[in-house]
Structure formats: structure tokens, C-alpha cells
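Participant: starting from these lines, generate the structure:
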Amino acid sequence: MLFDIDIQKQLSSGKRTFSLNVCIQSDHQRLVILGPSGAGKSLTLKMIAGIMRPDKGHIRVNGQTFYDSTQRIHLSAQQRNIAYVFQDYALFPHLTVRQNIGFGIVQGLLNPRHAIQHDTVDYWLGALHLQGLADELPEALSGGQRQRVALARALVTKPRALLLDEPFAALDPALRQELRLELNELQHRLNIPMLLITHDPEDATAFGDHLLHMKDGSFVQGGTS
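Facilitator: Numbering: from 1, shown residues only. Reported below is the predicted structural model:
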């Protein structure tokens, strides 16, 4: 089973509460969760990635148990080795494209040096058409270029799976379509399990081999396309 997830989480803020109740079992390489803002999609990704901890349940990806409340298993985000691309890309503004990509494979407290040379970094610069931008800072990049850098940084560690949080939301329609095609080709080439969350039905059509609809913290209907 590629995705075997059964988790619950309750959040409170003043008199307001939000209950997340997520159950996923899927052997599809490309899983899409579609729903409006506030449905709980990003919370779900953060718990799979290990950024947040559920109240109870289990998370298993590609046969690896990341979290199991009954067995008291809770792997750190680093131990899970899941690639997470945030909606705002979360690039380090003071690091160049090359340094941002190299951040995931350089151990220690210091940032990768400006002229970092690494075969894997060079590979991803080429694979995502970023060679000419290697020494640029994120502020000099377009939205599509920033997304490519974020993808390269996520994939440089050879992750077990790829999580994408609204990856095309900040892009104009023409660029959105172009990058959908690029991501489609990249995912097929890498053969990496991918879970994408979105509010855009066009994303769901492009990537939803298994599509789940989320509202108010739980799935309201689902299907396979």
C-alpha cells in the first residue's frame, strides 16, 4: 500500500474547534486531495511530513510506518525523508539557487558555500532548466522559476514521496498549464509517489489518478479517474 493513513486531530482557538478525520488507503502513484481553503488539506500534508503530530492513528507511506499512536512510533521529519513543497515555496532569500538546492544534502549548521559543487545539485539544475540561474537569489526569479527551485531542493535528497501544497496557485493560467506538463513528466520519470492538495479542479484532472474531496476536516466523496 503506497498511502495508508488513518489520523485524527482536534485543534482549538478560543471557542472554535476544528476536527480533522482523515482515512486514506491508496495504491495509486498520484493522489489528489481537492477542497476549499480551510478544509484541512494542508494540515493533512503537515502530519504526513512530520511537521505536526496527530492526536491518534497511523501514517504509513510505501510500507514505512512514520507514525502509529498505539505502537508509540513518531519519526521526525528528517527520518521520514518526505519531499514537501510549500505553497509559497519557502526558499531561503539569502541563498542562491545553487545553495537552496544544495541545502538538503549539506550537513551541519552552516549554509552551503556560495560555490558549492555537487554532482546531484548539478543534475537537478539541469533537469529543471536552472543552470543559467544558479547564482541568482530568489528575489530575482519568476514564480515558475521559484517553483522549479523548490522542486529541485525537495527532490535532491531522493525522497520516499513528494507532497505538494497548492503548487500552481500563485501562477498565471498559461504558466500553470506549462508547469503542470513539466511536473507530470517529472513524476512519471522519477516514478515517485505523489500527494497533491489543491482547490483547483484542473489540477485534480491533470494529476488525480485517485481523487479525494475534502470539506470541514474529512472526505465527503472520492473516486478514481
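
Participant: now do the helix ranked longest in the chain: everything it contacts.
Facilitator: When the chain is parsed with DSSP state H, its longest helix is helix 173-190. Judged by C-beta atoms under 8 Å, 6 or more residues apart in numbering, the contacts made with helix 173-190 from elsewhere in the structure are 29-30, 127-128, 143-144, 147-148, 151, 155, 162, 164, 167-168, 171, 194, 202-203, 206-207. C-beta coordinates here come from the backbone N, C-alpha and C atoms, glycine included.

Participant: list the helices and strands the helix or strand that comes right after that helix packs on?
Facilitator: Beyond helix 173-190 in the direction of the C-terminus, DSSP states H and E gives the next helix or strand as strand 194-198. Packed against strand 194-198 by the contact rule (3 or more C-beta pairs under 8 Å, 6 or more residues apart in numbering; DSSP states H and E) you find strand 30-34, helix 41-49, strand 161-165, helix 201-207.

Participant: tilt between the first one and strand 161-165?
Facilitator: When axes from the mean of the first three to the mean of the last three C-alpha atoms, to 10 degrees is applied, the directions of strand 30-34 and strand 161-165 differ by 20 degrees.

Participant: list the neighbouring strands of strand 30-34 plus their orientation.
Facilitator: Using DSSP bridges, the neighbouring strands of strand 30-34 in the sheet come out as strand 194-198 (parallel), strand 210-215 (parallel).

Participant: tell me how far the last one lies from the chain's centre.
Facilitator: Just to be clear, that refers to strand 210-215. Centre-to-centre, strand 210-215 and its host chain are 16 Å apart (C-alpha atoms, centre = their mean, to the nearest Å).
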